[in-house]
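> Build me a model from this:
(2 chains)
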Amino acid sequence: MDAFSALMGGFASALQPATLMWGFAGCLVGTLVGVLPGIGPALTIALLLPLTYHVPASSMFVMFAGIYYGAAYGGSTTSILLNTPGESSTVVTALEGNLMARRGRAGQALATAALGSFVAGTIGTIALTFIAPLVVEWALAFGPAEYFSLMVLSLVAVSAVLGRSVLRGLVSLFAGLLLGMVGVDLQTGQPRFTFGRPELLDGIEVTVAAVGLFAVGEALYLAWQGRQTQSGEVLRVTGSLWMSARDWARSWKAWLRGALFGFPIGALPAGGAELPTLLSYYTEKKLSKHPEEFGQGAIEGVAGPEAANNAAAAGVLMPLLTLGIPTSATAAIMLSAFEGYGIQTGPQLFTSQSSLVWTLIASLYIGNVILLVLNLPLVGLWVKLLKIPPPWLYAGIIVISVAGVYGAGNSVFNVGLLFVFGLMGFLMKRFDFPAAPLIVGLILGPMAEQSLRQALTISQGQWSTFISRPLSASLLLIALGLLVLPRLIRQRNRSR
Amino acid sequence: MTPVRLALLLLVLCAVAAWQVTQIPSSAMQMTVGATLVPALITAGLSVCASLYALSAWRGGQADESRQDDQSPLPGSVGRLGWLLAGGVAFMLLVPFVGFVIPATVCGMLIARSFDSPLTLKSVLICGSIALVFWTLFARLLGVGLGPALPILF
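Predicted coordinates:
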């Protein structure tokens, strides 16, 4: 079995002490940012991008994987103990988890979340191990036309499916695409949208945009509201961390079902983690033998969504590693890290960087074990973190953001740009524009333009190449469907 | 700020983008798709979406999150925004001259001020430690170029 032996090679490399240390650091930092509200994995990985000049690629990606999985674990602690979800994907965990904690069962809620994350994370990683090579084989037949159409599909999916309004999603997407055009055009060498500033010739750094939107924008919004000057009420960890036989019996099926929702939906463009966690919650509510407990702290309502969340995290890595297509802001930033190392992403990644990819996948298995060991015994530490007063928390977040951006090239201009993006993030949050389409657009925009040009060069300027090739046409059709269908269905329902 | 004003801002941005598209120098190279086509398409797309947003906002169809009960800002909101942005400006003005730690401390203090923490000695000490810890972590341990910690170390 090819995938199996390659995976074993990956384990041999990921278990090297130095690599293991980076993985451990990633898990620790990831849990930390997952626990802290206002700082997430996308932002953290963006801040660490400047390190790509100093650290070998395999170590860096093992750390990123740790951060990515760690954040998915850590978010649940905040949801359960503070009722303020650290990540959008753990909103559902907060529903039942916080109620369990209020009824003196915080320990069991944390335990089922951690074990569910481990089980589903491992199932998701196994699925990634064996399905990814199949996707790669299929994707090797892609030409530039198919790639262009696939990118259009991902861009449309990220904008139209997530968020509450297709229109606002599209505004955010086009703004991101436009920002992606800033800088010197790679093919003609002509400057675009640079306003004569030499600092803009290299384009807008993803780090600056992501950190500005997520960290500075969030801080500006919260400061403007003025409601976050005191820490929220952090519940004490009550009850044993050991689950009873009854808790186990009620949890394990929820974990498995959660994983089944999470991985496939996470692997779809714009599937994300929010949808599978919601689906899992409602499924568990429907299937539970104790539906009356939902709304009062039902353990299935924590186990299922938390498993779905972690399986989705593994799912998101699939299009990223096999096609080079990011389907979330975090994946988009990881893609730019690949670019930072000069690594060509896409299906060829599995052959050209085989050892890197398999080390990364092996480190996901190891990361899951580290996180299981790290999460529950250290819960006391995470609780302390939740008690940091907001002024110092946000002072710390902004100072580390400024340090990360300034450290990338000692550019004061970029620090200014960081705050401009912060103001943009503030307005976007206030008027409910999603940020993910902007980040994904910023990164995919220039790539899509390259594919478009290559496809048109091959077809000698025939635009029909995008619809005359069956695969490309189907992808464009799905994209169109995503844009138009929800609207049509809504109008039909209204007219009835 | 209202959704209508935001829409106007977006339309102004579209106009600036359109003007910039006309400023892209034409290339002597012969190619199917030049440097202008994709930016022009994106600008057109953004203009269409911004116009639709403007229309919808004009009819009152767009959201302002701060209108919800638990989201509305408490009095003094503009002042708090000002403190936070002042933190960024202070960092930018100071960092070319006095190393990293002093600008980062001042920046941190002004941000804490925007979360209603007064500018006291306590704030100096906490933000100073935050700045020093991050400088040590990034510049010393990870080798990121943040410049010297203090001006004395030039």
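> Output the below-cut-off pLDDT ranges for the chain.
Chain wasn't specified; assuming chain A. Applying pLDDT under 70 to chain A flags residues A:1, A:53, A:84-88, A:161-163, A:229-232, A:269-271.
> Actually, chain B is the one I wanted.
Chain B contains residues with pLDDT under 70 at B:28-30, B:152-154.
> can you list the domains in it?
Annotated domains of chain B cover B:3-67, B:77-141 [automatic domain parsing].
> most tightly surrounded among those?
Of all the domains of chain B, domain B:77-141 has the most neighbours on average by mean count of other C-beta atoms under 10 Å in any protein chain shown, namely a mean of 20. (Glycine included, C-beta is placed from N, CA and C.)
> Tell me if that one is near chain A.
Yes: applying C-beta under 8 Å from any C-beta of the partner chain, one finds that domain B:77-141 is in contact with chain A at B:77-78, B:80-81, B:83-85, B:87-89, B:91-92, B:95-96, B:100, B:104, B:107-109, B:111-117, B:123, B:126-127, B:130-131, B:134-135, B:138-139.
> So which of these are in helices?
Here DSSP state H is the test, and the residues of domain B:77-141 next to chain A give B:77-78, B:80-81, B:83-85, B:87-89, B:91-92, B:104, B:107-109, B:111-114, B:123, B:126-127, B:130-131, B:134-135 as lying in helices.
> Leaving out chain neighbours, which residue sits closest to A:Leu323?
Leaving aside its sequence neighbours, A:Leu323 sits nearest to A:Ala139 (C-beta to C-beta, 6 or more residues apart in numbering or on different chains; 5.5 Å).
> In contact with residue 96, which residues are there?
Went with chain A since none was named. Contact analysis of A:Glu96 by C-beta atoms under 8 Å, 6 or more residues apart in numbering or on different chains lists A:Ala109, A:Tyr281, A:Phe294, A:Gly297, A:Ala298, A:Ile299, A:Glu300, A:Gly301, A:Val302.
> Correction: the question concerned chain B.
A:Val412.
> measure it to A:Leu173 for me?
As judged by C-beta to C-beta, to the nearest Å, B:Pro96 and A:Leu173 stand 36 Å apart.
> likewise A:Asn310?
28 Å.
> Comparing those two, which shows the higher neighbour count?
Per other C-beta atoms under 10 Å in any protein chain shown, whichever of A:Asn310 and A:Leu173 has more neighbours is A:Asn310, with 37 against 28.
> related to what we said a few turns ago, export the contacts of A:Glu96 to CSV and append columns for distance to chain B and neighbour count.
Below are those laid out as CSV (distance: C-beta to the nearest C-beta, whole Å; neighbours: other C-beta atoms under 10 Å in any protein chain shown):
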residue, distance to chain B, neighbour count
A:Ala109, 25, 34
A:Tyr281, 23, 26
A:Phe294, 24, 19
A:Gly297, 23, 22
A:Ala298, 26, 25
A:Ile299, 29, 30
A:Glu300, 29, 29
A:Gly301, 23, 29
A:Val302, 24, 35
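> Inside strands: which ones of those residues?
Among the contacts of A:Glu96, no member falls in strands (criterion: DSSP state E).
> coming back round to it: do I have it right that the residue nearest to A:Leu323 meets A:Thr322?
Yes: if you go by C-beta atoms under 8 Å, A:Ala139 and A:Thr322 touch, sitting 6.0 Å apart.
> Isn't A:Gly189 up against B:Ile24?
No: using C-beta under 8 Å as the test, A:Gly189 is too far from B:Ile24 to be in contact (11.4 Å).
> A:Ala139 and A:Thr322: who's more crowded?
It is A:Thr322, of A:Ala139 and A:Thr322, that has more neighbours when counted by other C-beta under 10 Å, with 25 against 20.
> what's the helix or strand where the more buried one lies packed up against?
For A:Thr322, the element it lies in under DSSP states H and E is helix A:300-323. Counting contacts by 3 or more C-beta pairs under 8 Å, 6 or more residues apart in numbering or on different chains; DSSP states H and E, helix A:300-323 packs against helix A:57-82, helix A:91-102, helix A:106-139, helix A:245-267, helix A:274-287, helix A:329-340, helix A:349-352, helix A:354-375.
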